[in-house]
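> Got a predicted structure plus its sequence, pasted below:
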Amino acid sequence: MPATVLVGTQWGDEGKGKITDLVSGDFDCVCRYQGGANAGHTVIANGHKLALRQIPSGIMHEDELAVIGNGCIVDPEVVIGELDTLQGQGISCKGLRISGNAHIVMPYHKVLDGAHEQKLGKNLIGTTKRGIGPCYMDKMNRTGLRMQDMLDDDTFREKLESALAYTNPILEKVYELPTYTVDQICETYLPYAERLRPYIVESSKLLNEMLADGKDILFEGAQATLLDIDHGTYPFVTSSNCTAGGAATGSGVGPTNINRVLGIVKAYMTRVGSGPFPTELSEEEGVGKFLLDKGHEYGVVTGRQRRCGWYDAVIVNYSARINGLTDIALTKLDVLGGLDTIKVCTAYECDGVEYTTVPEHQSIFRSAKPVYTEVPGWKEDISGCKTFDELPQAAKDYIELIEKLSGVRVSLVAVGPDRNQTINRFWN
Ligand code: GDP
Ligand code: IMO
Ligand code: MG
């Protein structure tokens, strides 16, 4: 193989958790390379339903390693909560490893996230308020604390003291908020350190040793291409590199080890939070309401209703380019069943000019009006289909249209949330 990247191609929630859990049986290790507790990945298998925010979705396979890479930021409270939940369900989590270089989400990051959003007023990003932006800001500013700092109490205290010397004046003077003391944070974080200590490792070394031993690694992306800090709809994005290239920097594995990039593509579009969304439909009536209800489009982390719209081939095409996709896993195809016709956006019209690629300038993209092709729908319930041949002709045609418009083969098709509800066409 040896390393494969699995990446979201739209605005998140494409079903990355389900597909990671499904394909990870073929790998020796699943590694998350960016993001933090803003992710919400749903896994349904063996009668268990889990919503994972920090621990890689491959954790369900007990004989594999589940690595939180250096590009991630770690909320210790969330990781410990997930460990408790998983272990309560009889999953040992013995394969969990956390990079010593991953940054720690501190209580003030979450407070600053909320306060900044409030200051933005009507221009707010609609973040998950998990402290993502402020934690990555501290990383880039070189004022952050890392998991390795948790290994020694004195080092943790010392680094926290200098971090607070920088952060407290911001809390107080910019946001008029209470400040923190070292003792106050240590009271909760030092016990967290005790619990997480056994999992903290030099993960880049570990991953490279695995590759040298001929082992296979799956990199599980969180968020998605259009939420990437460089390639997404900035500023309505998250603060990390979600795209496939991020897997190399976020894990310390050289890009030459990666030979497959599996893009997770939802059969329609959704988005949570603010920002442009050309194919968005009304949430109150018609197809928008149909997708919201039938697709249960509510956030795993925040419970927020997701904005829904028709499939946007311009966006998936852009994702194929940015990520170098080799395969697509098409998800939630079952949700489209019952519609008379289905629309697919093949271009945008922006102030009288037609675009077949995502315009680089945000001001142009904001005004994009979708140009649609309309294709026949199907009435059958496809959630029990096990092969491509069992699908109704209109569903087969829809899959082939997506292949044609993206230039990438659809190797897996998900027709329901369970691990078993998946059609394997070309994935091996
Ligand atoms: P992720 O963030 O990309 O892992 O996706 P989420 O877990 O946030 O959202 C995807 C939702 O769709 C979850 O509730 C999944 O259980 C569900 N899901 C995944 N694949 C399918 C599918 O093929 N059909 C249906 N009906 N639901 C699916
Ligand atoms: P998964 O991995 C969907 C969105 C937020 C907001 C923007 C910035 O489950 O696909 P942040 O808290 O990251 O600073 O928020 O990004 N967002 C997601 N949307 N799925 C996610 O994760 C998301 N993680 C962040 O709604 O618009
Ligand atoms: Mg999600």
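Right, received. Where do you want to start? Residues are numbered from 1 along each chain as shown. Ligands and ions are numbered 1, 2, ... in the order given.

> use CA for all of it now, contacts and neighbours both
Noted.

> Any chance you could list what contacts stretch 395-410?
The contact list for stretch 395-410 (CA atoms under 8 Å, 6 or more residues apart in numbering) reads 313, 316-317, 320, 325-330, 346, 375, 377-378, 388, 425-426.

> Please state the offset of that stretch from the chain centre?
Between the centre of stretch 395-410 and the centre of its chain there are 23 Å (CA atoms, centre = their mean, to the nearest Å).

> List the buried residues of that stretch.
Buried positions in stretch 395-410, judged by neighbour count with 16 or more other CA atoms under 10 Å: 395, 398, 399, 402, 403, 406, 407, 408, 409, 410.

> ok, now stretch 292-301?
292, 295, 297, 298, 299, 300, 301.

> Hmm, residue 306 and the fifth one touching each other?
In other words, residue 299. Yes. Counting by CA atoms under 8 Å, residue 299 does reach residue 306; the two are 6.6 Å apart.

> Mutual contacts of these two, please.
Contacts common to residue 299 and residue 306, judged by CA under 8 Å, 6+ apart, are residue 272.

> so after the helix or strand containing residue 403, what's the next helix or strand?
When elements are defined using DSSP states H and E, residue 403 is found to belong to helix 393-406. On the C-terminal side of helix 393-406, the closest following helix or strand by DSSP H and E is strand 410-414.

> so that following strand versus helix 393-406, what angle?
Relative orientation of strand 410-414 versus helix 393-406 (axes from the mean of the first three to the mean of the last three CA atoms, to 10 degrees): 140 degrees.

> Strand 410-414 and ligand 1 in contact?
Yes. Residues of strand 410-414 contacting ligand 1 under CA under 6 Å from any ligand atom: residue 414.

> how about the residues of the protein near ligand 2?
11-13, 38-41, 125-130, 132-133, 222-223, 227, 236-238, 272-274.

> quick one on the thing from earlier: among the contacts of stretch 395-410, which are in strands?
Under the assignment DSSP state E, these contribute 327, 328, 329, 330, 346, 375 to strands.

> Make a ChimeraX selection of the buried ones in the residues you listed.
Selection command for ChimeraX covering only the buried members of the ones in strands among the contacts of stretch 395-410, criterion 16+ other CA under 10 Å:
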select :327,328,329,330,346
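
> Could you identify the most distant pair in the ones in strands among the contacts of stretch 395-410?
The largest distance within these, taken as CA to CA, falls between 327 and 375 and amounts to 23.3 Å.

> Contact residues of the protein facing ligand 3?
Within reach of ligand 3 by CA under 5 Å from the ion, the chain has these residues: 13, 40, 41.

> Adding neighbour count and distance to residue 24 as columns, could you present the residues you listed in CSV?
As requested, the residues of the chain next to ligand 3 are exported to CSV (neighbours: other CA atoms under 10 Å; distance: CA to CA, whole Å):
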residue, neighbour count, distance to residue 24
13, 28, 18
40, 23, 18
41, 28, 14
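
> Looking at those, which one is closest to residue 163?
residue 40 (28.7 Å).

> Pretty sure that closest one sits against residue 304.
No. In this structure residue 40 lies outside contact range of residue 304 using CA under 8 Å: 12.0 Å.

> Can you tell me what sits against stretch 198-211?
2, 67, 69-70, 96-101, 147-148, 216-217, 251-253.

> what does stretch 349-361 give?
For stretch 349-361, the external contacting residues (CA under 8 Å, 6+ apart) are 314-315, 317-318, 346-348, 364-365, 367-371.
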